[in-house]
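Participant: Sequence first, then the predicted structure, then my questions.
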Amino acid sequence: MLVTISSGNGVDEVCRAIWHFLHWLKKSYDFKVLHLEYAACKDGYKSVVLESNDRDFLQIEGTHLWRCQSPFRVKHKRKNWYFTVSIQSEMKVESIDRSKVVYQTMKSPKKGGQHVNTTCSGVRAIYPPLGLEALSYDERSQHRNKAIALARLIAKVSTQANMQKRAEQNERWREAKALERGNAVKVFEGVGFIEMK
């Protein structure tokens with residue numbers, strides 16, 4: 001699963017809270033850091049993306065609160081700093097199972113002399129699990145056209161997987177920007193970032 005920790009459009013105090021939170025996570029959770037977006041302040045992150053198989057992360061999804069006097073603005077009245085933890089199942093990149101590719105042969109629709117018009121050298125490669133297909137009439141050989149159609153089909157699957165990955169990244173970004181305040185899953189207090197039970 002992918003775990004995104006975000007400050008939304010967070011100020012330095014929230015970015016510091018995420019820095020503390022990441023250190024707090026290291027004590028009890030198993031994960032790998034995939035991405036850190038550094039804040040302008042020292043010891044602060046605007047967002048963090050983690051990869052983990054630790055199911056305990058599901059219990060801490062939601063809004064978190066750090067109650068602390070601002071470490072950056074001495075007389076600032078606000079003491080509540082919110083950040084979010086959101087979880088997405090990791091996207092699996094679709095690969096082609098070549099045994100499921102269906103091939104159809106056909107005559108070429110384009111001009112090219114007797115050979116093209118009388119033989120079924122054109123090939124359509126269809127991949128039913130994704131509903132994708134690719135054609136090739138480029139070569140006179142059916143064998144060559146089959147290889148070209150398969151290569152085009154693989155390229156289409158790769159393009160679709162990349163589009164899906166971008167869509168999921170955009171969705172994670174939108175969710176990270178929508179920061180709900182209140183109803184905190186966990187509350188931490190003070191400069192020592194102590195978890196309140």
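Facilitator: Perfect, I can see it now. In this text, all values refer to a predicted model and were calculated from it rather than measured experimentally.
Participant: And the contacts of the lengthiest strand in the chain?
Facilitator: Using DSSP state E to define each element, the chain has its longest strand at strand 80-88. Contact with strand 80-88 is made by 1-8, 10-11, 13-14, 16-18, 21, 57-58, 60-68, 168, 171-172, 175-176, 179-181, 184-185, as judged by Cβ atoms under 8 Å, 6 or more residues apart in numbering. For every residue, glycine as well, the C-beta is placed using N, CA and C.
Participant: swap in stretch 14-22?
Facilitator: With contact meaning Cβ under 8 Å, 6+ apart, stretch 14-22 is reached by 5-8, 10, 33, 39-41, 43-48, 64, 66, 68, 71-72, 81-83, 188, 193.
Participant: okay, that stretch in CSV with CA atoms only?
Facilitator: The C-alpha trace of stretch 14-22 is given here as CSV (Å, rounded to 0.1, in the frame of the first residue of the first chain):
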residue,chain,number,x,y,z
VAL,A,14,2.5,21.6,10.1
CYS,A,15,5.6,20.6,8.1
ARG,A,16,7.5,20.3,11.4
ALA,A,17,4.7,18.1,12.7
ILE,A,18,5.1,15.8,9.8
TRP,A,19,8.8,15.6,10.4
HIS,A,20,8.1,14.6,14.0
PHE,A,21,5.4,12.2,12.9
LEU,A,22,7.8,10.3,10.5
